[in-house]
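Asker: Okay, predicted coordinates and the sequence, questions at the end:
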Amino acid sequence: MSIARNDIAGRIAWTTALREPQSALAWSLADWERVIRLARRLRLLARLAESLDAAGLLDAVPQAPRRHLLAEQQVSRFRTAAMLWALQRIRSVLGDCTFPCVLLKGAAYLGQELQIAAGRLPSDIDILVPKAHVAEVQRMLAGDGWSEVALDAHDQRYYREWSHEAPPMRHPLHPLELDLHHDILPPLARTHVDIERLLARVQPSRWHGWQVLQPVDQVLHSATHLFQDSQAVDRLRDLIDLDGLMRQFALAPSFYDDLVARARELGLSLPLAMAFHFCAEWLRTPIPIQALRELQTDGATASQRRWLMPTLAALLTPTDPDEAPRRSQDVAAVLFLARHHAGRMPLRLLLPHLLRKLRRRKETTAPPDGADVRTDGG
């Protein structure tokens, strides 16, 4: 299942232009065709456009690829504006609530004006409130026109009892879905985090009434989401987010000491160790040697390193346009999907849940193009 390091380096070399946009000026038209198709699939094309634009280099890009960059940039800015408008509306609906209202993921990056916020393509809005206030927030949002997506009794139970978020909500005036979280991991997951420890350290965002997790917790949430609570296929963007978060937050002198200590405190050393490994090896994130060494002892075990790291490498390595997924990627996807599901709930609940999903998939036809059907909490 292993992938040669030089093969990985060749497949992701173009991502250097996200940090060093001038490197893109050496690309041929054939290079541009490959990068545009690949970056669009990985949701990184607008990020590339914003990087070039910020450096004043968009006009130096050949006309044909520049059209694609400008088009994706406009889509990104439209969707970002839609997110900002929705957040303003949601905040006004919630009024002067006394409990924390925390932005997560892309919304949090925008709420801090982080560098990685430019060029995102938001499809949903992720916010977190204490579990005791979820029903209250849902009632307030319902009064403003938000409604839950249609779910059967089983999926309702999934969200109410087994998920870390409420059923997704939609609004006729907003193109983005709203995901209301009360935790960062499912409550029955093997890895669990005391959410009160995160909420105790939230910080203000640049928008009134909205908070964000403290920097080390944002990195840990991002790493946990990628390596513990996702299927990892085509998730190179998440790894690039982690690289950007660590580069920016590391401007604080004690950042890495605090990050390692916080990971140990919350029981998240394994996802952080994996984030360190791939960011340092693939993206040359300047992580201090001491921080890397400290997590070697409480990161992945020897047996995990033998199968988990090669599995993740196969999944995170992007498949080029017009190239079929390699056999190693197919095997890796099955292994990691099994790990993903096994980590979310006990086997006695998981097996009936997966059998139900499989039976439903066989019974239903594919949704129309553009439909967003979610029956497993994302």
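Answerer: Received the coordinates, thanks.

Asker: Please, which helix or strand holds the most centrally placed residue in the chain?
Answerer: With distances taken as Cα atoms, centre = their mean, D238 lies nearest the centre of the chain, 5.0 Å away. Using DSSP states H and E, D238 falls within helix 236-249.

Asker: What's the mean pLDDT across that helix?
Answerer: Across helix 236-249, the average pLDDT comes to 97.

Asker: what do you get for stretch 280-293?
Answerer: Averaging pLDDT residue by residue across stretch 280-293 gives 95.

Asker: pLDDT weak spots in the stretch 251-378 of the chain?
Answerer: Applying pLDDT under 70 to the stretch 251-378 of the chain flags the ranges 298-300, 340-343, 345-351, 353-354, 357-358, 360-378.

Asker: Other residues contacting the longest strand anywhere in the chain?
Answerer: The longest strand of the chain (DSSP state E) is strand 174-181. With contact meaning Cβ atoms under 8 Å, 6 or more residues apart in numbering, strand 174-181 is reached by 79, 82-83, 85-86, 89-90, 104, 122-129, 134, 137-138, 141, 146, 149, 164-166, 168-171, 372, 378. In short, each C-beta sits where N, CA and C put it, glycine included.

Asker: May I see the PyMOL selection of the buried members of these?
Answerer: Listed next is the PyMOL selection for buried residues among those, using 16 or more other Cβ atoms under 10 Å:
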select buried, resi 79+82+83+86+89+90+104+122+124+125+126+127+128+129+134+137+138+141+146+164+165+166+168+169+170+171
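
Asker: can you give me the helices for the stretch 201-350 of the chain?
Answerer: Counting by DSSP state H, counting those that start in this stretch, the stretch 201-350 of the chain has these helices, from start to end: 215-228, 236-249, 255-266, 269-283, 289-296, 302-316, 327-342, 347-363.

Asker: most tightly surrounded among those helices?
Answerer: With neighbours defined as mean count of other Cβ atoms under 10 Å, the helices of the stretch 201-350 of the chain peak in mean count at helix 215-228, which reaches a mean of 24.

Asker: Show me what it is packed against.
Answerer: Judged by 3 or more Cβ pairs under 8 Å, 6 or more residues apart in numbering; DSSP states H and E, helix 215-228 is in contact with helix 105-112, helix 236-249, helix 255-266, helix 269-283.

Asker: Which strands or helices does the shortest one pack on?
Answerer: Okay, so that is helix 105-112. helix 63-94, strand 102-103, strand 124-128, strand 211-212, helix 215-228.

Asker: go with 7 Å
Answerer: Applying 3 or more Cβ pairs under 7 Å, 6 or more residues apart in numbering; DSSP states H and E, we find helix 105-112 packed against helix 63-94, strand 124-128, strand 211-212.
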